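> Just a sequence and a predicted model for now, questions to come.
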Amino acid sequence: MKDRKINLFNHYRKLLFFVSNRNAKLMREYFAQILLTEVEEFMPLGKKKILDVGGARGEYCKVLNAKRQCEAINLDPHPGEYVWPKTITGFADKIPFKDNEFDLVICRGVLEHIPLEKQQVSVNEMYRVTRPGGICYVLIPPWFNPHAGHALRPFHIFPFKIARLLKQSVFRYRLNKNYNNSSSFEEVSLFPITFRRMEEMIRLSNFKLIATKDTHLRLHFLTKIPIVREIMVPAVAFISTKE
């Protein structure tokens, strides 16, 4: 399925539903189908071997297996209740697989939770386990977009304590204990990552960047405009290949 076949009206309707209902399971399953359309512009996924780095409960693996009979493995650092049985505990900076093992490596909304000194190592590891000719799909929320700050959005561009105060006072938002007992973004596992930094990490890893996608608003041209793409795009998918 090509990207042009995504019905934008239905897409925006689903986004509004996810904003109002916060159903993480349905949201991941829907965006797994979006990923399918984006990756298959460059490589068919039928019966391919796939690794989802930081894949949470495994919804992406479940969808890719159901839709394309992929051999999918979910790698996540947090033991828990998974919807995908082929889940192993592991970390992005120490991926427990051999070189050149996967046709597609996915890493969605994960790098911003990895300490800065481990981000490049993690991208290098994704390169190592991707097969020549394979695809790596990394998605980040650029730090200066209002969407990027998780519980502290849109105030995360301020120092941590100011951001926390503004979130609580302006929106009357009740933060969880972790945020209330912390004094820095690092303590809540939130690390800034920009479009420019992601491009640089891809280059240093030896991946070749072949496309960038605006996965939420579908305004892909915005990802081509410097500065604008750092602010206006809620989530950017970087699609790279290993030559």
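Everything's here; your move.

> switch to C-alpha atoms for all contacts and neighbour counts from now on
OK.

> Quick check: next helix or strand after the strand or helix carrying A66?
Per DSSP states H and E: A66 is located in helix 59-68. Sequence order places strand 71-76 as the next helix or strand after helix 59-68, per DSSP H and E.

> Which strands and helices lie in contact with that following strand?
strand 49-53, helix 59-68, strand 87-89 (3 or more Cα pairs under 8 Å, 6 or more residues apart in numbering; DSSP states H and E).

> tilt between the second one and strand 71-76?
In this case it means helix 59-68. 170 degrees (axes from the mean of the first three to the mean of the last three Cα atoms, to 10 degrees).

> neighbouring strands for the longest strand belonging to the chain, and are they parallel or not?
In the chain, with assignment by DSSP state E, the single longest strand is strand 130-140. Sheet pairing of strand 130-140 (DSSP bridges) gives strand 102-108 (parallel), strand 236-241 (antiparallel).

> Report the inter-axis angle for it versus strand 49-53.
40 degrees.

> What are the contacting residues of strand 130-140?
Contacts to strand 130-140, defined as Cα atoms under 8 Å, 6 or more residues apart in numbering, come from residues 39, 43, 99-112, 126-127, 193, 235-243.

> 7 Å instead, please
100-109, 111, 235-243 (Cα atoms under 7 Å, 6 or more residues apart in numbering).

> and the helix or strand following it, C-alpha only, in CSV?
Sequence-wise, the next helix or strand downstream of strand 130-140 (DSSP H and E) is helix 160-170. Coordinates of the C-alpha atoms in helix 160-170 are reproduced here as CSV (Å, rounded to 0.1, in the frame of the first residue of the first chain):
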residue,chain,number,x,y,z
PHE,A,160,12.7,21.3,34.3
LYS,A,161,11.3,22.9,37.5
ILE,A,162,9.8,25.8,35.5
ALA,A,163,8.3,23.4,33.0
ARG,A,164,6.8,21.4,35.9
LEU,A,165,5.3,24.5,37.6
LEU,A,166,3.8,25.8,34.3
LYS,A,167,2.2,22.4,33.5
GLN,A,168,0.7,22.2,36.9
SER,A,169,-0.5,25.8,37.1
VAL,A,170,-1.6,26.5,33.6
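
> Offset the numbering so it begins at 46, please.
Sounds good: first residue 46 from here, last item helix 205-215.

> Just to check, N169 is in contact with S250?
Yes - here N169 reaches S250: they are 5.0 Å apart, a contact under Cα atoms under 7 Å.

> quick one: secondary structure of S167?
Following DSSP: H, G, I helix; E, B strand; the rest coil, S167 is assigned to helix.

> Find the nearest non-adjacent residue to it, please.
Spatial nearest neighbour of S167, excluding adjacent residues (Cα to Cα, 6 or more residues apart in numbering): D138 at 4.1 Å.

> so how far is the helix or strand where H56 lies off the chain centroid?
For H56, the host element (DSSP H and E) is helix 53-66. Relative to its parent chain, helix 53-66 has a centroid offset of 19 Å by Cα atoms, centre = their mean, to the nearest Å.

> And the contacts of it?
By Cα under 7 Å, 6+ apart, helix 53-66 touches M72.
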